[in-house]
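Engineer: Only the shape, not the letters, is given here:
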């Protein structure tokens, strides 16, 4: 009996250790259907876990950055650029069971084995996967020009509904009217990196317009290095102290320098 108890205790410790590794660095949002776990990964990449399903957003950076995170049931990809559509990472991670939600421009570049599992939606289209409502929003640069890095209609931002909680993923965008018009967003992920998207001032002004309960600055590495997310937080809270700005470690490699 004593030996059996030791084995049971050892097994429990292994399970607890695995769970700790799985949720290390995660934030928790309570929904009416259980917790939504949010795990920043790298740049514009994050993992969400809810109702027994794991969602990867713009998987990028190789398989190693997903160590300790379950294989995805659902993958969302916003655009064709290699920090969003990273084919090497998609081929390195386990996507065997994953449904992949993408805009048409991304679907066109997927390998054949992934195209079969792709759900293509365009701006303002909607799909539901694993009980998660997914609406695609425009993401684009201003002013709209023929040589824009992100022309309107090519890529998708996403609004996800997890039971009673709504999450917005900006993708690569500026402070467009469609973002400013959002309402009742519980969690927002907002990009800010010049010259590709917008600067800190634009991002803060947009957030103060649509007033998410929680905002994560993400995708903030530009040509001049990392954007000043502390300044972003200060500007947002000077305008509205009720918006919670969460600064997380999206660039772990920068800590090693």
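Structural biologist: Perfect, I can see it now. Because the structure is a prediction, the values reported are computed rather than measured.
Engineer: Could you point out the longest strand of this structure?
Structural biologist: With residue count as the measure and DSSP state E as the assignment, the chain has strand 34-42 as its longest strand.
Engineer: partners of the next helix or strand after that one, with directions?
Structural biologist: Under the assignment DSSP states H and E, the closest C-terminal helix or strand after strand 34-42 is strand 45-50. Paired strands of strand 45-50, with direction, are strand 34-42 (antiparallel), strand 53-57 (antiparallel) (DSSP bridges).
Engineer: what comes into contact with the longest strand of the chain?
Structural biologist: Contacting residues not belonging to strand 34-42 are listed as 23, 25-30, 46-51, 59-61, 65-66, 69, 162-163, 165, 167, 187, 216, 218, 248-252 [C-beta atoms under 8 Å, 6 or more residues apart in numbering]. Where C-beta positions appear, they are placed from N, C-alpha and C, glycine not excepted.
Engineer: So among these, which ones count as buried?
Structural biologist: Applying a neighbour-count criterion of 16 or more other C-beta atoms under 10 Å, the buried members of those are 23, 26-27, 29, 46-50, 59-61, 65-66, 69, 162-163, 165, 167, 187, 216, 218, 248, 250.
Engineer: just checking, which of those belong to strands?
Structural biologist: Using DSSP E, the subset of the buried ones among the contacts of strand 34-42 located in strands is 27, 29, 46-50, 162, 165, 167, 187, 216, 218.
Engineer: can you put the residues you listed in JSON lines and add pLDDT?
Structural biologist: As requested, those are exported to JSON lines (pLDDT from 0 to 100):
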{"residue": "27", "pLDDT": "98"}
{"residue": "29", "pLDDT": "98"}
{"residue": "46", "pLDDT": "98"}
{"residue": "47", "pLDDT": "98"}
{"residue": "48", "pLDDT": "98"}
{"residue": "49", "pLDDT": "98"}
{"residue": "50", "pLDDT": "98"}
{"residue": "162", "pLDDT": "98"}
{"residue": "165", "pLDDT": "98"}
{"residue": "167", "pLDDT": "98"}
{"residue": "187", "pLDDT": "98"}
{"residue": "216", "pLDDT": "98"}
{"residue": "218", "pLDDT": "97"}
